[in-house]
Structures are given as structure tokens and as C-alpha cells.
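Chemist: how would this look folded up:
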Amino acid sequence: MRKVLVQRVVNQVREKVPHARRRIFVQIVADVKAKYPGTFKHELANGKVGKRSLTKKMMDTFDNKKRTPHTTRVECEAPTLKAAYGCVQWRVSLPSNQTVESQEEIRSSLADYFSTRRVSAWDWNHIQENMKLTYASQRKDINKQAELIEKLRKEQLKRKRTGRVEGEEMEVDDVTVTTAHLADLWPFLFQPLGMKAHFNILTKTDIDENVQLFIDKTLDSLHEFCKKIVVPKEKKARKLNKKLAKKIPEGDKDKVNEWKLSAVLLMLTTYFKEDWSELILMTEVCQT
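Modeler: Below is the predicted model:
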């Protein structure tokens, strides 16, 4: 009853007085309470009679309806997933000249190309052109995994709030998209050049330029920070730092930076208790 009254009054006021001020609603509420004292009386816990709650409700409703949205298109489209942080083009539409069927044809031809051609015979101009064309479909398949994880997280929080049994199995209708499955669908996405091209579109940044900029301006200071802050606190990082200190070559600046970058990555993952295997691809296992 109260909610309906507020909505009707606000609608009528807006028609008659588009830029109504508070005094108009104060007068309306006073008239309503005078006519129906028992129905719209607002008594507080200490016994006092409140006079402002209905007025405030009307004013809030009036202001909210006339307020224009200030969010940008990018903000509206941006997903709330943690996995999407830093991603400019996390979820995109298909190109205007493409359909789901045509995208599947290109995906299938790329998979065949990967399995039937020698690595030395790969035409990366052709591959990257088609990878760029199917970027929206790649994101759709990749996002299924992140969105399912987020869905399960929300379901677990809901179960905690409602006090459901911890060991009770949750029903999941979505098909889990594993990394292995993605590699079967999009094999070139897991090749260095394909991964780099995808990342550049996803973040609208050139990873080569950014890594080089980081090495030139930040690497030395971050390496010193890790040695002073991370190493004393983490036993694993101390051992790692000693091994890497012996391995870092002298004179060759590029080699020195390469080893420093490896040291920083490994020490930071140790400091934040992250699993190396989840973040770093080891191409060659060695003693360090």
C-alpha cells in the first residue's frame, strides 16, 4: 500500500511539476497523514512519531527516476569476474560479416592446418588473420570456464548463507570447458605467436613493448625489492635467490636481464603463495 502510494504520487507530481522540490512532497505527506492518521503514522522505537520517512521515500523515488545514467558503454559491458580484470575486450560480438557457422568452418580449418602441416611450413600471416577473425568465438569458449567457476563460487556462498549441507553435491548443468579441450578446439592459441596475438587484442596492449619497457625501467628496482623484502621472509625464496645469484652471468646485459626477470617472477609467485605450474610454463626443467 505504502509503496503503491509513493509511486502514484511521484508520477502525478512529475506530470504537473517536472522539477518539484522537497516542500511540495512535505505538503503532500502532511495532507495524507492528516486524512489517514492511523494508516500512515510512522512511530519510532522510542515512541516518537517520525515525520520524514515518507517524504524521503517520495523524494528518493522522484530523484532516482529523473537521474540519467552516467555509466559508459564499456562499463556496462565489463564483466564482474576477477579473471576479466585488465581485459578491454573480454566479451565481444561476432564480426558483421560472420555467423556461428562460418566461424566454426574457420576454426575447423585452423585445427586441420595445425595437425596436417609441418611447423616449418606454417604461414603465420594466414594463421593470424584467421585467428583475429575468430577472436569472438575464442573468447566465448574461454569465458565458459571462468564463468562456470564464478557460478560455482556464488553457489557455494549461497549455500553457506542458507545453511545447506557442506558435503551435498551441487547440480551443474553447464559443460566444463577444460584447458585441454580448448587446446583441441584452438591449437594455435597455445602457440607463442598465437597466444601473443590473442593477448594483444584482449588487452589492447603490445606485450613485447610492455615487457621491454618493464625491463628497462622497473626490473632492477623490483629485483632489489624482492631481495630485501621477499627473500628474508620466505625460506623457499632465499634458496631460490642463492641458486639464481650463482647462475646470473656477468657482462652480457641481455642474459643478466633474462635471469633477473626469471628470478623476480619466481620469487613473487613464492611470496604470494601461488603455484608456479599454474602461472609459468617451464619449457626446460633444470636444477634451478
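
Chemist: from here on, just use CA atoms for contacts and neighbour counts.
Modeler: Fine.

Chemist: apart from its chain neighbours, what residue comes closest to Pro232?
Modeler: Leaving aside its sequence neighbours, Pro232 sits nearest to Arg238 (C-alpha to C-alpha, 6 or more residues apart in numbering; 6.8 Å).

Chemist: contact partners of stretch 103-117?
Modeler: The contact list for stretch 103-117 (C-alpha atoms under 8 Å, 6 or more residues apart in numbering) reads Ile127, Asn130, Thr134, Ser137, Asp184, Leu185, Trp186, Pro187, Phe188.

Chemist: what strand or helix carries Lys273?
Modeler: Assigned by DSSP states H and E, Lys273 belongs to no helix or strand.

Chemist: re the thing from before, just checking, the residue nearest to Pro232 is part of a strand?
Modeler: No. Arg238: not assigned to a strand; according to DSSP: H, G, I helix; E, B strand; the rest coil it is helix.

Chemist: switch to numbering from 50
Modeler: Will do, 50 is the new start, and the previous item becomes Arg287.

Chemist: measure it to Lys277 for me?
Modeler: 10 Å (C-alpha to C-alpha, to the nearest Å).

Chemist: Lys203 now?
Modeler: 39 Å.

Chemist: and Asp80, by the same measure?
Modeler: For Asp80 relative to Lys277 (C-alpha to C-alpha), the value is 71 Å.

Chemist: separate out the buried members of the contacts of stretch 152-166.
Modeler: Buried members of these, scored by 16 or more other C-alpha atoms under 10 Å, are Ile176, Asn179, Thr183, Ser186, Leu234, Trp235, Pro236, Phe237.

Chemist: neighbours around the nearest residue to the last one once chain neighbours are set aside, how many?
Modeler: Closest residue to Phe237 in three dimensions, ignoring its sequence neighbours and counting by C-alpha to C-alpha, 6+ apart: Gly243, at 5.4 Å. By the other C-alpha atoms under 10 Å criterion, the neighbourhood of Gly243 contains 18 residues.

Chemist: let me know the pLDDT of Gly243.
Modeler: On the pLDDT scale, Gly243 is placed at 92.

Chemist: quick one, grab the pLDDT at Ile297.
Modeler: 63.

Chemist: how about Lys114?
Modeler: On the pLDDT scale, Lys114 gets 69.

Chemist: what's the weakest-modelled helix or strand in the chain?
Modeler: Lowest mean confidence among the helices and strands of the chain (mean pLDDT, DSSP states H and E): helix 122-126, at a mean of 47.

Chemist: how far off centre is the next helix or strand after that one?
Modeler: Proceeding C-terminally, helix 122-126 gives way to helix 149-165 as the next helix or strand, assigned by DSSP H and E. Relative to its chain's centre, helix 149-165 lies at 28 Å (C-alpha atoms, centre = their mean, to the nearest Å).

Chemist: and helix 149-165, which residues are buried?
Modeler: Gln152, Arg156, Leu159, Ala160, Tyr162, Phe163.

Chemist: how much space between the nearest residue to Trp325 once chain neighbours are set aside and Ile73?
Modeler: Residue nearest to Trp325 in three dimensions, not counting chain neighbours: Thr318, with 6.5 Å by C-alpha to C-alpha, 6+ apart. Distance of Thr318 to Ile73, given as C-alpha to C-alpha: 61 Å.

Chemist: and for Ile176?
Modeler: 67 Å.

Chemist: kindly list the longest helix within this structure.
Modeler: Across the chain, the longest stretch assigned as helix under DSSP state H is helix 184-211.

Chemist: low-confidence ranges in the protein?
Modeler: 50, 87-101, 114-132, 212-225, 285-286, 289, 293-301, 327-337 (pLDDT under 70).

Chemist: show me where it has its strands.
Modeler: 91-92, 98-99 (DSSP state E).

Chemist: next one: Asn174 from Gly243, what distance?
Modeler: 11 Å.

Chemist: again with Val305
Modeler: For Val305 relative to Gly243 (C-alpha to C-alpha), the value is 27 Å.

Chemist: could you do Lys322 as well?
Modeler: Applying C-alpha to C-alpha to Lys322 and Gly243 gives a distance of 29 Å.

Chemist: what's the answer for Thr110, then?
Modeler: Distance from Thr110 to Gly243, by C-alpha to C-alpha: 52 Å.

Chemist: what's the answer for Glu258, then?
Modeler: Glu258 is 17 Å from Gly243, by C-alpha to C-alpha.

Chemist: likewise Val81?
Modeler: Taking C-alpha to C-alpha, one finds Val81 at 69 Å from Gly243.
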